[in-house]
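J.: Take this sequence and fold it.
(chains A, B and C, ligands or ions: 4)
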Amino acid sequence: MKRIVIDPFTRLEGHGRIDIFLDDDGNVKNAYLRVPELRGFEKFCEGRPVEELPRITPRICGVCPGAHHMASTKAVDAVYHVDPPPVAKKIRELFYAAHMCHSHIAHFYALAAPDFVLGPTADPAERNILGLIAKVGLETGTEVLKHRAYAQDIQAVIGGKATHAVCGLPGGVSKAITEDERRDFEEKSKSMVEFGKLSLKIFDDVVLKNKEYVDLILSDMYTMKSYYMGLVDANNKVNFYEGDVRVVDPDGKEFVTFKPADYLDHVAEHVETWTYLKFPFLKKVGWKGLVEGKDSGVYRVAPLARLNAADGMATPLAQAEYERMYQTLGGKPVHHTLAMHWARLIELQYAAEEMLRLCQDPEITDPNVRTIPTATPDEGVGVIEAPRGTLFHHYQTDEHGMTKKVNLIVATGNNNAAMCMSIKKVAQALIQKSKEATEGILNMIEMAYRAYDPCIACATHSLPGQLPLEVVIYDSGGDEIRRLSQHLS
Amino acid sequence: MSFEPKIVAFLCNWCSYRGADLAGTSRMKCAPNVRPIRVMCSGRVEPDFILKAFEAGADGILVLGCHPGDCHYAEGNHAAARRIPLLKKMLAQLGVEDERVRLDWVSASEGHRFVSIIDDMTEKVRALGPFSKNSGEEKHG
Amino acid sequence: MAKLNLAIYWSASCGGCDVAILDINEKILQVAEIADIVFWPIALDFKRHHVEAMEDKSIDVCLFNGAVRTSEQEEMAELLRAKSKAMVAFGSCAHLGGIPGLSNFTNRAETFERAFVEAESCDNPDKTLPQNMTNVAEGELEQPEFYDTVKALNQVVDVEYYIPGCPPTVPIISQVVDALAAGKLPPVGTVFGSDKALCDECPRTKEEKKITKIYRPHEIIPDPEKCFLEQGMICTGPATRGGCEARCIAANMPCRGCFGPPPGVTDQGTHMLSALASILDVTEDEDIARMIDEIVDPAGTFYRFSLPTAMMNRRRM
Ligand code: SF4
Ligand code: SF4
Ligand code: SF4
Ligand code: FES
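T.: Ligands and ions are numbered 1, 2, ... in the order given. Alright, predicted model coming up:
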């Protein structure tokens, strides 16, 4: 039996690995996405004062530390049964919108766009961010860096540090926003809204006007029917910071909408021996293994899932683009995995509009940013939409607020099963008997998981950033015959 | 062979050390497990000293100073009374049993008290067994 | 001057250290001018076998971030050590063990039990645990070994320089880049950052006040001009190296010590413990006991970033 390993052991030790097994005819038999490490946050947070967890759990991931910081902050609000003052909530949302901008910019331009701008089968030496800048022009490149830096600046001012912010605590945020800061944020946000438009235009020019790419997006191998999950506001619009968790079925019909605190009634996790990453699934449908469709509890999260799970976007520019996407791709829900990139840019536009709205809110400079908790702490769930999907933090404490139990379901974890299946599907379509698995083909396999923007740091509560992978092909005797790897930037 | 615990005792020069001396000159019978270290005051005993003593092979550590109010430097034993219990709380989180570190007061005239503290501590530490930094199922690294 | 060979590697890390390198923005161009990056997994496509093929000591500087917990991370640290003239522990995890080092309060068995069996959302009636080796229908699947104890880089290999911080700050990274550009590296053993404690550069006013009650961060609204400690909030500034520009303090939150112990101090926790004990304004036993009660997690607070490099570097179990 042949075996393909997408393996960072030679590229990024211990950070994530995919084994693809071929049968004797050279067809794909099975695929295993594996995460070979964990850091054990669930365990070592025990015994810590719960209000410190917003300063501890962000170290799960330095790529989306803001998501963990906010999920954790919301969980400790819940533990202490405390409602932050309105301005504190707005400051958190502003911080968080900036965080989303930062993450989505980094993912789209550094990771995703090179595949489209330069082509999925382009020379790997060019298929990176430098090649991208060469193609789209230095001016655009400068805009990308500038806006990424803007998003980092806003987080740093509010949170003390852009990476591993410290502002969130039960009942509010540590510091108010001054008028000077607000004005600066407002300028940056205006610029960000324009940058959102520019990004969508680039996507339009490069991807949508290119039939080859549209066909690729619509192709069967990049299509998978699953449930979708995301946070929605009271009007069922996408919300990153708060709301109910809504799940739609593969036909796009609402399956359930639940309060974050009830997540255990709806989500469970399956364990396999060959990976440190668990497999979340919809409890009421059940774990049927790595299979798609309505009878399988596999669901997806992240930008496309959020858009599928919602009825629209709360801001006008993003809403217009949302409508255009569904019109172009044949209505809701969209099952085309590669449309994740389009959805991500729609969210960038939304996050930018939200940032601007919040900066222009007259209340945003209100100095009253804290409510001192008075209730006895016990248990709380904090849910947020991380850039890569729904993120659950669940804490239990004693009556002094000392942590007794921590449960985490992280964004990339939610997509674990779906990623395995997407990879298998593309591999099955492309690696067929007598067909040589070229670098280009293997990159197209990688595109299937890159769409999810998988974050192994989050997944393992363990390791960093993007999932770096390498493809290794083994022949039927188990000997390595070819080895290729992903290009991250 | 039964385990003989090693106990490092930091003794304040002005009281406890003399108390120990008195016990010695009066030929009181006392467990032979103590390695005394003379310090000028119990307030001089930094938490680091205690961790270093463990590192050097001590199974238990005793800090003895003048009774409250009698410190030669007025405040030294009060400082010890704040520092050592906090250290013990921290060590408990690291799996160090409470009986392995003890702070107590012995005056220059309390030879008997010195002996009984030593005996008591020796028995308690003997019951705990030898100290090792990473006892237990430490497998790797 | 010939270009330097630079390697950047991440181990048991969150990726934030790599993001910090990207945060130097335009300065990254200067890096490209002075150095050829021969290995950087997040950004470049060189692999382990490329490193293995290099001559010993052919990498001038290796910036290594992340702690060490698995067999593989240990191997990579050793490999990069052999190939590098100067090994730099980059960020709190490599420098001191960092937040993942809090795992030294527990071990592998407890960690697995919690994550894979006990976790509220787990549906695992057979108590399945991940294994180093699994036989699936198609073949064997192997995973690296997971150790009980987290280590800092210098507990695994020799280290020449340390860049503190979680993550390190842009000015300090820039300072390192400038030192590399000028070919002027400081003496071996240097920790980049200030040679004073954080309190010495903290802008808050200090009045040598003692305290009679400890407050946790959510319990009071601190005066943003005054020293946290003197308001009864634990701030590890006295036991922390300066150089971070008091980032957390600027956000009105007390320090948690990511820059590690100040010069001359090896054990950050006991140093903080002494500093805190000395300002408690109580003498009666019951008052002392009450205040110690209020200090709820001394080990997890004073060693927040440095447990693996403390004198007692893990819980005895
Ligand atoms: S030092 Fe901090 S930022 Fe760097 S890898 Fe460790 S946790 Fe992440
Ligand atoms: S204890 Fe904290 S707040 Fe006080 S001076 Fe030191 S660093 Fe500043
Ligand atoms: S204030 Fe303390 S915890 Fe914050 S960055 Fe500085 S050294 Fe690190
Ligand atoms: S002099 Fe004896 S305790 Fe201070």
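J.: neighbours around the residue lying closest to B:Ser26 once chain neighbours are set aside, how many?
T.: Spatial nearest neighbour of B:Ser26, excluding adjacent residues (Cβ to Cβ, 6 or more residues apart in numbering or on different chains): B:Gly111 at 5.5 Å. Every C-beta, even on glycine, is put in place using the N, C-alpha and C of the backbone. A count of neighbours around B:Gly111, defined by other Cβ atoms under 10 Å in any protein chain shown, yields 22.
J.: Let's verify the closest residue to A:Glu242 other than its chain neighbours: helix, strand, or coil?
T.: Excluding the flanking residues, the one nearest A:Glu242 by Cβ to Cβ, 6+ apart is A:Leu231, at 6.9 Å. Under DSSP: H, G, I helix; E, B strand; the rest coil, A:Leu231 falls in the strand class.
J.: CA atoms only for stretch C:220-235, dumped as CSV, please.
T.: Extracted as CSV, the C-alpha positions of stretch C:220-235 are listed here (Å, rounded to 0.1, in the frame of the first residue of the first chain):
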residue,chain,number,x,y,z
ILE,C,220,-10.6,47.2,42.9
ILE,C,221,-10.1,50.0,40.3
PRO,C,222,-6.5,50.9,40.8
ASP,C,223,-5.3,54.5,40.7
PRO,C,224,-3.4,54.6,37.4
GLU,C,225,-0.7,56.9,38.7
LYS,C,226,0.3,54.9,41.8
CYS,C,227,2.4,51.8,42.3
PHE,C,228,0.2,48.7,42.1
LEU,C,229,1.9,47.0,45.0
GLU,C,230,1.4,50.0,47.3
GLN,C,231,-2.3,49.7,46.4
GLY,C,232,-2.3,46.1,47.5
MET,C,233,-2.3,44.5,44.0
ILE,C,234,0.4,42.0,43.3
CYS,C,235,2.8,43.3,40.7
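J.: pLDDT of it, averaged?
T.: On average, the pLDDT along stretch C:220-235 is 97.
J.: Shouldn't B:Ser116 be within a helix?
T.: Yes: counting by three-state DSSP, B:Ser116 falls inside a helix.
J.: circling back: thought the residue nearest to B:Ser26 was touching B:Gly19?
T.: Yes: between B:Gly111 and B:Gly19 there is a contact at 5.8 Å, judged by Cβ atoms under 8 Å.
J.: what residue lies at the spatial centre of the chain?
T.: Since no chain was named, I'll use chain A. Nearest to the mean C-alpha position of chain A, by Cα atoms, centre = their mean, lies A:Arg388 at 0.6 Å.
J.: oops, I was thinking of chain B
T.: Computing the C-alpha centroid of chain B and ranking residues by Cα atoms, centre = their mean puts B:Leu62 first, at 0.4 Å.
J.: do the same with chain C
T.: Per Cα atoms, centre = their mean, the C-alpha nearest to the average position across chain C is that of C:Ser92, at 1.8 Å.
J.: can you tell if the helix or strand that one falls within touches ligand 1?
T.: Using DSSP states H and E, C:Ser92 falls within helix C:91-96. Yes: counting by Cβ under 6 Å from any ligand atom, ligand 1 has neighbours in helix C:91-96: C:91-93.
J.: ok, and for the helix or strand bottoming out on mean pLDDT in chain B, which residues are buried?
T.: Ranked by mean pLDDT, DSSP states H and E, the helix or strand of chain B with the weakest confidence is helix B:16-25, at a mean of 90. Under the neighbour-count criterion of 16 or more other Cβ atoms under 10 Å in any protein chain shown, helix B:16-25 has B:16-20, B:22-23 buried.
J.: Of the residues you listed, just say which sits nearest to chain C.
T.: Comparing the buried residues of helix B:16-25 against chain C with Cβ to the nearest Cβ places B:Ser16 closest, at 18.6 Å.
J.: Where does the closest residue to the closest one other than its chain neighbours fall, secondary structure wise?
T.: Residue nearest to B:Ser16 in three dimensions, not counting chain neighbours: B:Leu64, with 3.6 Å by Cβ to Cβ, 6+ apart. Assigned by DSSP H and E, B:Leu64 belongs to strand B:60-65.
J.: average pLDDT across the helix or strand immediately after that strand in the chain?
T.: Next along the chain after strand B:60-65, taking DSSP H and E as the criterion, comes helix B:76-93. Confidence over helix B:76-93 (mean pLDDT, whole number) is 96.
J.: From the contact counts, what lies against the strand holding B:Leu64?
T.: Secondary-structure packing of strand B:60-65 (3 or more Cβ pairs under 8 Å, 6 or more residues apart in numbering or on different chains; DSSP states H and E): strand B:7-12, helix B:16-25, helix B:47-55, helix B:76-93, strand B:101-105, helix B:111-128.
J.: Adding distance to C:Gly98 as columns, could you present the ones you listed in JSON lines?
T.: Supplementary listing: the helices and strands packed on strand B:60-65 in JSON lines, determined by distance: least, Cβ to Cβ, whole Å:
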{"stretch": "strand B:7-12", "distance to C:Gly98": "32"}
{"stretch": "helix B:16-25", "distance to C:Gly98": "41"}
{"stretch": "helix B:47-55", "distance to C:Gly98": "21"}
{"stretch": "helix B:76-93", "distance to C:Gly98": "18"}
{"stretch": "strand B:101-105", "distance to C:Gly98": "28"}
{"stretch": "helix B:111-128", "distance to C:Gly98": "32"}
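J.: Please work out which of the ones you listed is packed deepest.
T.: Counting by mean count of other Cβ atoms under 10 Å in any protein chain shown, strand B:7-12 has the highest mean neighbour count of those, with a mean of 25.
J.: and A:Gln432, what does it touch?
T.: Contact partners of A:Gln432, counting by Cβ atoms under 8 Å, 6 or more residues apart in numbering or on different chains, are A:26-27.
J.: That one and A:Gly119, how far apart?
T.: Separation of A:Gln432 from A:Gly119 (Cβ to Cβ, to the nearest Å): 22 Å.
J.: repeat for B:Ile84
T.: Remark: distance between B:Ile84 and A:Gly119 (Cβ to Cβ) = 69 Å.
J.: residue contacts, the spatially closest residue to C:Gly101 that is not a sequence neighbour?
T.: Leaving aside its sequence neighbours, C:Gly101 sits nearest to C:Pro308 (Cβ to Cβ, 6+ apart; 4.1 Å). For C:Pro308, the contact set (Cβ under 8 Å, 6+ apart) comprises C:67, C:96-97, C:101, C:104, C:149-152, C:155, C:314.
J.: Just the ones of those residues in strands?
T.: Judged by DSSP state E, those include C:149-151 as members of strands.
J.: Ligand 2: which of these is nearest?
T.: Within these, proximity to ligand 2 (Cβ to the nearest ligand atom) peaks at C:Val150, which comes in at 26.7 Å.
J.: Please look at that closest one and C:Thr106 and confirm they touch.
T.: No: using Cβ under 8 Å, C:Val150 is not in contact with C:Thr106; the gap is 10.3 Å.
J.: Looking at these two, which has the bigger crowd around it?
T.: Here C:Val150 and C:Thr106 are compared on neighbour count by other Cβ under 10 Å; more neighbours surround C:Val150, at 28 against 20.
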